[in-house]
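Visitor: Need the 3D shape of this:
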Amino acid sequence: MEIACVIDKRLAIQPRPGHAGGPWSGRAGLPDPVAAAEATESMVRALEALGAGVESERPGEAFFALDGLLGLYGGSASGVLATMRRTLGEEKGIGTGPTRFAAFLAAAGWSRPVPLRALRTRLANEHEAKDLVEALERLGIETVEAFVGLGADQIADRFGPLGLEALRLCRGEEEPLRPRIPHEELSEEIELPEGTAGRQLDRALELLVDRLLAAPQRRGRTLLGLRLGARLAAGGSWSVEQGLGRPSAAPRVLHNVLAPRLEELPGPATTLQLLAVGLGPPARDQLELAVGGGEPRRRRLGAAVREVRAVQGAEALLKILPVDAASRVPERWAMLTPFPEL
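Guide: Numbers count the residues shown, from 1 in each chain. A predicted model of the protein is given here:
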């Protein structure tokens with residue numbers, strides 16, 4: 001199976017000459033994490049739109065198998081890659097190989113013999129990988145080709161599990177690709193007035209949760225995880241992921257698990273964003289912990305809300321959300337937010 005690797009050279013982190021060495025010179029430091037995540041998601045979605053099953057576990061990188069795309073783009077790997085280049089643009093590096101590592105080396109522009117430092121960003125623990133590479137280089141092993149020639153017993157005795165992991169990677173012993181399941185992006189973002197903090201920030205989060213649950217593309221499904229992000233007034237951004245433990249679409253549950261994370265904000269924010277990391281089964285398929293006379297009514301109300309929204313749109317049913325009753329600006333006293341589906 002031929003594997004293709006796409007690298008966004010603006011985002012994927014590579015060593016620079018004069019430091020650890022590498023194919024891309026003059027690059028800046030680490031990119032803004034939220035902007036990098038958004039750019040990577042955009043790249044992955046573009047590949048999925050072309051029919052690729054994409055695996056992406058690092059910012060600025062994506063892997064996919066060419067086999068299933070050959071019939072769509074001229075019957076050859078060159079036809080597939082030409083289409084990808086036209087779609088993605090010149091700032092993306094694209095390469096192919098029999099494994100992820102080989103495809104990555106081709107996309108990143110590493111030439112043979114491949115320096116051993118190319119391994120540094122490919123192992124699970126990059127700090128330990130750096131120490132491993134430096135130790136091997138002190139022993140005179142400076143290329144991947146020289147490293148592959150060593151015996152597994154020698155590596156295990158001297159470098160343990162990490163050394164064996166690196167050896168398997170260099171020998172092409174990798175797990176099969178794990179393409180993600182394509183999904184529609186479900187996210188909401190609101191701008192925050194200057195000086196928003198405390199209760200007002202909590203209300204903004206409540207508004208975001210209501211809007212996210214009312215989005216038509218959710219189609220009644222539960223949420224598996226969320227990413228809360230913010231653009232900071234001083235520049236840069238912040239984000240944090242929050243798992244839910246079990247699928248949920250209850251506004252109170254989502255708000256209660258996210259509210260404590262607001263305390264981690266490093267400074268005043270200008271915008272607040274909420275993104276669904278994964279979607280689960282419809283809410284009606286969840287196990288119910290309590291059954292009583294009010295439960296059938298709750299289900300009927302939820303169905304009625306979904307029916308009205310399907311016909312009239314997401315803003316068809318709204319409720320009043322108190323925001324800042326003490327404000328001198330009437331527009332800040334309250335806001336309209338989507339009515340929950342219950």
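
Visitor: contacts, neighbours, all on C-alpha from now
Guide: Noted.

Visitor: secondary structure class for Leu228?
Guide: Following DSSP: H, G, I helix; E, B strand; the rest coil, we place Leu228 in the strand state.

Visitor: residues touching it, list them.
Guide: For Leu228, the contact set (C-alpha atoms under 8 Å, 6 or more residues apart in numbering) comprises Ser239, Val240, Glu241, Gln242, Leu258, Leu272, Gln273, Leu274, Leu275.

Visitor: now swap in Thr196 and tell me
Guide: Counting by C-alpha under 8 Å, 6+ apart, Thr196 makes contact with Pro268, Ala269.

Visitor: show me where the stretch 51-200 of the chain has strands.
Guide: Taking DSSP state E, counting those that start in this stretch to define them, one finds strands in the stretch 51-200 of the chain at 54-55, 61-65, 92-97, 187-191.

Visitor: what's around Gly278, how many residues?
Guide: Applying other C-alpha atoms under 10 Å, we find 19 residues neighbouring Gly278.

Visitor: what's the closest non-adjacent residue to it?
Guide: Of all residues not flanking Gly278 in the chain, Leu224 sits nearest, at 5.0 Å (C-alpha to C-alpha, 6 or more residues apart in numbering).

Visitor: Okay, helices next: where are they in the chain?
Guide: 33-49, 77-88, 100-108, 126-138, 144-148, 152-170, 199-214, 251-258, 294-312 (DSSP state H).

Visitor: Where does pLDDT dip in the stretch 201-342 of the chain?
Guide: 283-300, 302-303, 306-315, 321, 323-326, 329, 331-333, 335, 340-342 (pLDDT under 70).

Visitor: gap between the residue nearest the centre of the chain and Glu91?
Guide: In the chain, the centroid-proximal residue (C-alpha atoms, centre = their mean) is Ala37; its distance is 5.5 Å. Separation of Ala37 from Glu91 (C-alpha to C-alpha, to the nearest Å): 16 Å.

Visitor: I'd like to know which elements the longest strand anywhere in the chain is packed against.
Guide: The single longest strand within the chain, with elements called by DSSP state E, is strand 269-282. Applying 3 or more C-alpha pairs under 8 Å, 6 or more residues apart in numbering; DSSP states H and E, one finds that strand 269-282 contacts strand 187-191, helix 199-214, strand 221-232.

Visitor: mind checking the backbone torsions on Gly267?
Guide: Main-chain torsions, Gly267, degrees, to the nearest 10: phi -180, psi 180.

Visitor: Near it, how many other residues are there?
Guide: Count around Gly267 with other C-alpha under 10 Å applied: 16.
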